[in-house]
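# build me a model from this:
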Amino acid sequence: MFSRPVFRRLAGAVTVGLALAATSGCGAPVDAVAGVSVTADGRLLGVLMVCGHHLDGATLYVDNADTDKAVTVGEWTADRRLTAGLTTWTLDAPAPGWTATEPLTPLVAGTSYTLYGWTEDNTWSSTSVTFTLADRDRLTPGEVRYEAVSDSGEESAVTVTTTEFKARACQDM
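Residues are numbered from 1 along each chain as shown. Have a look, this model is predicted:
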């Protein structure tokens with residue numbers, strides 16, 4: 001079938017390919033959906049729909065093109081592991097069940113912010129949602145902005161009712 005040198009090269013190539021695949025992941029697997037909403041008085045809410053596993057917290061950041069790094073502008077840790085279901089919390093003030101490990105810095109008009117959820121051991125994460133203050137200002141209480149994925153795999157920001165978000169967010173991943 002194969003000569004011994006050909007077989008060794010083939011086996012070596014497969015081994016290298018598997019090693020590269022195992023070490024080239026871009027992050028934790030996604031099993032939750034992040035969104036944003038607002039309270040009746042216009043305060044920004046973080047929204048996480050955990051689909052099956054768990055999350056421990058969330059980070060809001062800005063991509064800094066000058067340094068090719070993300071700059072964290074807020075980070076929150078849940079007092080208890082977030083399991084399957086919907087969770088919301090205010091980003092600008094202490095929220096029951098949450099600790100601001102990095103309190104929210106003032107948000108600036110014209111800047112794009114990204115929110116995502118994570119686990120402390122990097123085993124699970126959420127999708128992210130990107131928004132500006134103008135996007136926030138268009139939200140009304142009871143609406144959630146998140147990144148939906150179409151059947152063709154295209155991502156786009158959508159705004160839906162909280163009820164619709166709960167019903168379809170995990171299906172849209």
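# where does the protein have low pLDDT?
1-26, 64-68, 173 (pLDDT under 70).
# surely residue 136 forms part of a helix?
Yes - under DSSP: H, G, I helix; E, B strand; the rest coil, residue 136 sits within a helix.
# the helix or strand residue 147 falls within pairs with which strands?
The secondary structure element spanning residue 147 is strand 143-149 (assigned by DSSP states H and E). Partners of strand 143-149 in the sheet, by DSSP bridges, are strand 32-38 (antiparallel), strand 155-161 (antiparallel).
# what are the contacting residues of whichever helix or strand comes after the last one?
Spelled out, it's strand 155-161. Proceeding N to C from strand 155-161, the next assigned helix or strand is helix 162-168, under DSSP H and E. Helix 162-168 has contacts (C-beta atoms under 8 Å, 6 or more residues apart in numbering) with 33, 35, 37, 47, 49, 86, 142, 143, 144, 146, 148, 160. Where C-beta positions appear, they are placed from N, C-alpha and C, glycine not excepted.
# could you dump these to TSV with neighbour count?
Converted to TSV, the contacts of helix 162-168 look like this (neighbours: other C-beta atoms under 10 Å):
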residue	neighbour count
33	29
35	31
37	22
47	25
49	29
86	16
142	13
143	17
144	27
146	26
148	21
160	19
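# ok, of those residues, which one's closest to residue 106?
residue 37 (19.5 Å; C-beta to C-beta).
# and that closest one, bridged to which residues?
In beta-bridge terms (that is, DSSP bridges), residue 37 pairs with residue 45.
# just the strands in the protein please.
32-38, 44-50, 55-64, 69-82, 85-90, 98-102, 113-118, 125-131, 143-149, 155-161 (DSSP state E).
# and the angle for the last one with strand 125-131?
Here the directions of strand 155-161 and strand 125-131 differ by 80 degrees (axes from the mean of the first three to the mean of the last three C-alpha atoms, to 10 degrees).
# again with the third one
For strand 55-64 against strand 125-131, the angle between stretch directions is 40 degrees (the same axes, to 10 degrees).
# having no further points to raise, I will conclude here.
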